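Visitor: predicted coordinates and the sequence they were generated for:
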Amino acid sequence: MSSLDYQAKKAYQVGMRWLTGAFILASLSLGGIWGYDWIKNRPLTPTSAEFVEVKLGNVDNKINSGGTVELGGQRTIKSPEEGAVERLLVQSGDKISPGQELIILRNPQRETILNKSQLEIQKQELIIERNREKIEEAQEKLRIAQANYEDDLEDYQQEVVSKRAIKDLEIKKIKAQINRDRQKVEEAKYSLEAAEAELENLEKLLERGFVAQQEIDRQRQTVRERQTGLRDAELDFKNSQIELETEQVKELEIQNSVSSSPVFEAEIELQQAQSEWKQSQSELERLKVEYQEAALTLENNIVTAPIDGVILNINVKPGDGVNRSDELMSLGDPDQELIQLQLSTLDAAKVQPNQLARISIIGPNSETFTGRVQSIGLQARSSGNNNDSESGQATVPATIQLDQPTRTLIPGSAVSVEIILEERNNVVVLNTELIQREGQSNYVWALDSENTAQKQPVTLGLEGLIQVEITSGLKAGDTIISPLPETKLEPGIPITEASSTPSESNTQSSPRRNRRRN
């Protein structure tokens, strides 16, 4: 083979290799284009999904919490004094009215003091009667002396004048003391009026549950002490007046020292008798005050009802000894049923008085009752021992009043409470799991006229825990797609209806004829 033939053969082989490579490259390119086009335009495999009919319903934004049942004005009655239970006048479940006697306590020591005070009063009444007789005797003696009186008083008049001048100075001093005692009486009256006004304010706060019964008892004791102070001031005032009269009598004694006239002696004796009678009257008033105080203390041994209501529980029985402030019984007004809550500070900031609340007993098939937020606390407090909050978390107290008394809720029992912050009724609603979120946009999967899935933009309104309001994009009667958990939808994928299960919301499966048409 010549060199020329060899070169020609070699060039032919190289050319064939290039042609083969170009052919293979072209084939791969055409195959890639064809494969991409096939993948892009291949028929999508139909996917099963549930069809959900869009319906009208209610959606709300609420706070869930737990609470404790109380009756209106529910309180614990405590012992006002130390003693023993003598008699119970009511039983658990009895209806009561304000002022009704509930329990009678017994205190033998105070009863003895009261009886002794009564005997002292009777003794003083006898003394007063005897002093009255002395006045009558002195008046008769003076009448006789005046009838026999013939002496002239001019002989000793000058001496009487000089001694009376000294006595007048003493009388002026006593009058000044009388003025001061009168001021003390006025001061005691003002102090008593202030204490009584404070007691009235505390009793109003007690009705609202803002103060304890012990504070009321202490204020009542203060009022009694102020009353005693007023009586003591009045007694001092009267004694000063009596002292003035006594000094005036002594002024007459000056005349008696100068003149032995039976008339003057009789006048002095009469004035002394009158002074003794007034002093005995003042002593009687003092004894009566002591008796009234002792009787008032015994009245505290009769425990009375502060409100209309019913007896919830009795903690004592006849014969039991009790100390001051020991718990005797609890009561409340069944015409008002309240729920006491402890809300987190975050939830409390959202709650306002008069907001709607739903109350239900914790348990299966429980009935739901409605009420309103009556009050919300203005200050948070530590609630480390509260079951409704984490240890150490600050909570805010709130009170809910039921619209109507149920007569079935048991005071002290736990209930579930929903406070409705915001509510929409008779609006288009969907379960929250049907809403697809993409950035700032929201959509649902809907069927087009070819039974393929398409994205349907929607505008959300009020969002609850399990449902959300649809303000635009859907209407009642439309049908949307609820993808199965393992299914990933794409726009344009054919959809076949899967067997549906009842929904936990107001939506349910719907036939294809109600599909959403774009």
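Guide: Looks like it arrived, so ask away.
Visitor: just checking, what's the longest helix in the protein?
Guide: helix 157-207 (DSSP state H).
Visitor: which residues in this protein form helices?
Guide: So, for the chain - with DSSP H - the helices run 3-41, 108-148, 157-207, 213-258, 262-299, 345-348.
Visitor: for the second one, packing partners?
Guide: On a contact count with 3 or more C-beta pairs under 8 Å, 6 or more residues apart in numbering; DSSP states H and E, helix 108-148 meets helix 262-299. From N, CA and C alone the C-beta is placed, and that goes for glycine too.
Visitor: ok, now the longest one?
Guide: In terms of contacts (3+ C-beta pairs under 8 Å, 6+ apart), helix 157-207 is packed against helix 213-258.
Visitor: the inter-axis angle of the longest helix of the chain versus helix 213-258?
Guide: Inter-element angle recorded for helix 157-207 and helix 213-258: 170 degrees (by axes from the mean of the first three to the mean of the last three C-alpha atoms, to 10 degrees).
Visitor: for this structure, which strand is longest?
Guide: Looking across the chain with DSSP state E, the single longest strand is strand 55-78.
Visitor: buried stuff in it?
Guide: 55, 57, 59-60, 62-63, 65-75, 77-78 (16 or more other C-beta atoms under 10 Å).
Visitor: what mean pLDDT does the longest helix of the chain have?
Guide: Per-residue pLDDT over helix 157-207 has a mean of 82.
Visitor: now swap in stretch 17-25 and tell me
Guide: 74.
Visitor: how far does it sit from the chain's center?
Guide: 95 Å (C-alpha atoms, centre = their mean, to the nearest Å).
Visitor: and it, C-alpha only, in CSV?
Guide: Taking Å, rounded to 0.1, in the frame of the first residue of the first chain, the C-alpha atoms of stretch 17-25 are listed here in CSV:
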residue,chain,number,x,y,z
ARG,A,17,-15.2,9.1,14.0
TRP,A,18,-16.2,12.8,13.8
LEU,A,19,-19.4,12.0,12.0
THR,A,20,-20.2,9.3,14.5
GLY,A,21,-19.5,11.6,17.5
ALA,A,22,-21.6,14.4,15.9
PHE,A,23,-24.4,11.9,15.3
ILE,A,24,-24.3,10.7,18.9
LEU,A,25,-24.2,14.2,20.2
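Visitor: how far off helix 213-258 does the longest strand of the chain point, in degrees?
Guide: Using the same axes, to 10 degrees: strand 55-78 against helix 213-258 is 40 degrees.
Visitor: so which elements touch strand 55-78?
Guide: Using 3+ C-beta pairs under 8 Å, 6+ apart: strand 55-78 touches helix 213-258, strand 309-314, strand 327-344, strand 414-431, strand 459-463, strand 467-472.
Visitor: tell me the domain boundaries of the chain?
Guide: Domain assignment for the chain, taken from automatic domain parsing, gives 47-59+424-514, 105-303, 332-423.
Visitor: sorry, back to before: would you mind finding the most buried of the helices and strands packed on strand 55-78?
Guide: strand 327-344 (a mean of 21; mean count of other C-beta atoms under 10 Å).
Visitor: send me that strand as PDB with only the CA atoms.
Guide: Provided in PDB are the C-alpha atoms of strand 327-344 (Å, rounded to 0.1, in the frame of the first residue of the first chain):
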ATOM      1  CA  GLU A 327     -64.900  29.300 111.500                       C
ATOM      2  CA  LEU A 328     -68.500  28.400 112.400                       C
ATOM      3  CA  MET A 329     -70.200  28.000 109.000                       C
ATOM      4  CA  SER A 330     -70.300  29.100 105.400                       C
ATOM      5  CA  LEU A 331     -73.200  30.500 103.500                       C
ATOM      6  CA  GLY A 332     -74.000  32.200 100.200                       C
ATOM      7  CA  ASP A 333     -76.800  33.500  97.900                       C
ATOM      8  CA  PRO A 334     -78.000  30.800  95.500                       C
ATOM      9  CA  ASP A 335     -79.700  33.400  93.300                       C
ATOM     10  CA  GLN A 336     -76.200  34.500  92.200                       C
ATOM     11  CA  GLU A 337     -73.600  32.100  90.900                       C
ATOM     12  CA  LEU A 338     -70.100  33.300  90.400                       C
ATOM     13  CA  ILE A 339     -66.900  31.800  88.900                       C
ATOM     14  CA  GLN A 340     -63.600  32.800  90.300                       C
ATOM     15  CA  LEU A 341     -60.700  32.700  87.900                       C
ATOM     16  CA  GLN A 342     -56.900  33.300  88.000                       C
ATOM     17  CA  LEU A 343     -55.800  34.600  84.600                       C
ATOM     18  CA  SER A 344     -52.300  35.000  83.300                       C
END
